[in-house]
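S.K.: quick check, what structure comes out for this input:
(chains A, B, C and D)
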There are 2 protein chains.
Amino acid sequence: MVTIKDVAKLSGFSIKTVSRVVNNLSEVSPETRQKVQHAISELGYQPNTMARSLVIGRTNTVGVIIPHSAEYIFAHPFFTEVLRGIAEVLSANNHNLLLYLAYEKVPYSRVFIQRQVDGLILMSIPIGDPNLHGIHESGVPFVCTCRITEDDQITNYVDADFTGGVEQGMEYLLSLGHRRIAILPGPMSLVSVRLRLRGYQNAWRKHRLAEPEDYVLEGEFSSESGHALAVKAMSLPNPPTALICGDDLIAFGAIQALKEMGYRVPEDISIIGFDDINLARFSSPPLTTVRQDTYLKGRIAAETLLTLMRGKCPSSPRQILLDTSLVIRNSTAPAQNL
Amino acid sequence: MVTIKDVAKLSGFSIKTVSRVVNNLSEVSPETRQKVQHAISELGYQPNTMARSLVIGRTNTVGVIIPHSAEYIFAHPFFTEVLRGIAEVLSANNHNLLLYLAYEKVPYSRVFIQRQVDGLILMSIPIGDPNLHGIHESGVPFVCTCRITEDDQITNYVDADFTGGVEQGMEYLLSLGHRRIAILPGPMSLVSVRLRLRGYQNAWRKHRLAEPEDYVLEGEFSSESGHALAVKAMSLPNPPTALICGDDLIAFGAIQALKEMGYRVPEDISIIGFDDINLARFSSPPLTTVRQDTYLKGRIAAETLLTLMRGKCPSSPRQILLDTSLVIRNSTAPAQNL
DNA sequence: CTGTTAGCGCGTTCAG
DNA sequence: CTGAACGCGCTAACAG
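M.R.: Below you'll find the predicted structure:
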């Protein structure tokens, strides 16, 4: 391995001078800099990151922690979009991205205490995660891409306004004359799902309508689950005329099931998704859905973290809620049978 | 920061003894070990990864390099599946995963020379990538999840048998009576696309049929491109009765376009995709496609790299080709007009 | 502007 | 079985 010493020897200057050149400090005369740089390229010298990090006490590395099975993570388009936003911002700011999966058994804060990372981004932390305590104690700068509780006022987070998003969808369905609207929100173990449900309830309340019974059909974030729940919904004594779904995959599965049962979408049943993933416009019919900008979520999370890492005092928590927007395509139509 | 010294002081033993306990070396008496461990948990000591890496000369970190824009990467389901396989294997083997995006302008080998990683996985390297030279020179253990040239005999790679896969699809279409089969292979700048095209050509040759003209429609790996090319294909003087696509997204776009033009799939036109992404079964009609196990590709790539990193002599290149399989759903049917 | 010295936290000789 | 001293490669005082 070629070290800073070798460069010093070859160039005839001291180690420190070489260090100054490498780190672009200005206290070096142009000629000296020239000569040192020549020696550097001569030897193909590259500074040892470990040694530098040890001394300066930083790694310029951010950890992204996703405490789920990799299967769960990557099955959902959501994660990769957030990751993209994070990766781009970190890359632009000369920070590395260390990816941790399935760290359920290991305190997240460990990677910080072990000096592997300077900060953390936590994606989709489950409710009641026992690691959060250690995180706060360790003093690691961190940002979540989700809320930890439904009315989280402690965590630094960047999240979509799920409640408002579902309200947007509900407003539209109500304006189309639908009154029998069921919701397939996803798994209630997630805060985001509970927040979606809150939007559903808000909409009824706002319109002074009684919330229909048996219309909340909990499930997973998957097409399979959407398929099963749509079947279940239509077999209710009083089947719905519209379904509002927790994500687009659920919506796809629901549409599939409805077709198989002989219903027409949107003539017989209207469907609204959530996320607006790439394929939403290519489903048949193209999916009306509540768009959340997950890429932006990732970007802002990373930017917020970098700010946190620079400033010493995180004073009050930074809590950012991103607006959603309704994308109207062809899976929704006026209600037939009022 | 609590260091090994603090533990030594509190426990009353030397630094070295503490080190032995931390690293689970056997040359320590049980009582001593007990006492040291007590002091460790008392102080909440965690070894400093940077310091250790500096001494032992390894980081236990693998770099995954994707030399494209993040947008391109994450737009395609393929990448995330490979990444999942890689992440799982590395996690199981106590290795960290450092993600590098868009390193077009930086020699990949740099991260190794700078001692940030012990090995590299290169995903989707473009043809003629100038960095490969430096990679080989640096001596970094590495594995590609693709081939660098069509008949690559130098690189360590784990890749799907694209040629064989397209042949499988072609065999099926030919067996259904199709003779006017166009291919929408993707961007020819990628080796994998050229290998797909080779499979297309092999199939005609094997059946002693002349390859039709104007039936190779180059494009991108996207629904948009598939849409445009399907329109183009059907406006040919002698339009095809079947389309074999370079990936599932192209196939989705093509199906969409055909529907818009009033064709029925599969009655009028048969479509075959490639990859078998999650949503392939939920398209309408459900997509017949050539399945490649990208998750397995990632796993094997990571396992191969770990082997390479352990053994000192990489002797001959490790080149692994993974079989594909045809998944027959409902986007294919016998040809109408022979 | 430049060089010398002293650590960063840990693992590893070689004595005991 | 244990401990003191040294060095990994680099940066940060402090001198010159």
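S.K.: what about the helices in the stretch 201-338 of chain A?
M.R.: For the stretch 201-338 of chain A, applying DSSP state H, counting those that start in this stretch gives helices covering A:223-234, A:248-260, A:294-310.
S.K.: out of those, which comes closest to DNA strand C?
M.R.: If you check each of the helices of the stretch 201-338 of chain A against DNA strand C by CB to the nearest atom of the strand, helix A:294-310 wins as the nearest, at 18.8 Å. C-beta here means a position set from N, CA and C on the backbone, and glycine is covered the same way.
S.K.: what's the offset of that closest one from the middle of its chain?
M.R.: What separates the centre of helix A:294-310 from the centre of its chain is 11 Å, taken as CA atoms, centre = their mean, to the nearest Å.
S.K.: kindly report the same for stretch A:302-317.
M.R.: That offset, for stretch A:302-317, works out to 18 Å (CA atoms, centre = their mean).
S.K.: looking at the helices of the stretch 201-338 of chain A, which is buried most?
M.R.: helix A:248-260 (a mean of 25; mean count of other CB atoms under 10 Å in any protein chain shown).
S.K.: save the helices of the stretch 201-338 of chain A as a markdown table, and put in distance to DNA strand C and mean pLDDT too.
M.R.: Output for the helices of the stretch 201-338 of chain A, formatted as a markdown table (distance: least, CB to the nearest atom of the strand, whole Å; pLDDT from 0 to 100):
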| stretch | distance to DNA strand C | mean pLDDT |
| --- | --- | --- |
| helix A:223-234 | 46 | 96 |
| helix A:248-260 | 45 | 94 |
| helix A:294-310 | 19 | 94 |
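S.K.: so which of these is nearest B:Val290?
M.R.: Ranking those by proximity to B:Val290 (CB to CB) places helix A:223-234 first, at 20.9 Å.
S.K.: wait, does that closest one contact chain B?
M.R.: Yes. Using CB under 8 Å from any CB of the partner chain, we find that helix A:223-234 touches chain B at A:Ser223.
S.K.: residues in chain A within reach of DNA strand C, list them.
M.R.: Within reach of DNA strand C by CB under 7 Å from any atom of the strand, chain A has these residues: A:12-17, A:20, A:26-29, A:31-32, A:51, A:54-55.
S.K.: out of those residues, which comes closest to chain B?
M.R.: Checking the residues of chain A next to DNA strand C against chain B with CB to the nearest CB, the nearest one is A:Leu54 at 4.4 Å.
S.K.: now for the closest residue to A:Glu218 other than its chain neighbours: which residues touch it?
M.R.: The shortest distance from A:Glu218 to any non-neighbouring residue, by CB to CB, 6 or more residues apart in numbering or on different chains, is to A:Met188 (5.3 Å). Counting by CB atoms under 8 Å, 6 or more residues apart in numbering or on different chains, A:Met188 makes contact with A:Arg194, A:Leu197, A:Glu218.
S.K.: what's the closest of those to DNA strand C?
M.R.: Closest approach between the contacts of A:Met188 and DNA strand C, by CB to the nearest atom of the strand: A:Arg194, at 41.6 Å.
S.K.: now do the contacts for the most centrally placed residue in chain A.
M.R.: Note on chain A: the residue nearest the mean C-alpha position is A:Val82, at 4.3 Å, using CA atoms, centre = their mean. Residues in contact with A:Val82 (CB under 8 Å, 6+ apart) are A:Met123, A:Thr145, A:Thr294, A:Tyr295, A:Lys297, A:Gly298, A:Ala301.
S.K.: top of the contacts of A:Met188 by number of neighbours, please.
M.R.: If you count neighbours using other CB atoms under 10 Å in any protein chain shown, the busiest of the contacts of A:Met188 is A:Leu197, which has 21 neighbours.
S.K.: any idea how far that one lies from chain B?
M.R.: According to CB to the nearest CB, to the nearest Å, A:Leu197 and chain B sit 25 Å apart.
S.K.: tell me if I'm right that that residue and A:Val216 touch.
M.R.: Yes. Assessed by CB atoms under 8 Å, A:Leu197 is found in contact with A:Val216 at 6.7 Å.
S.K.: anything in contact with each of the two?
M.R.: With contacts defined as CB under 8 Å, 6+ apart, the residues shared by A:Leu197 and A:Val216 are A:Ile183, A:Pro185.
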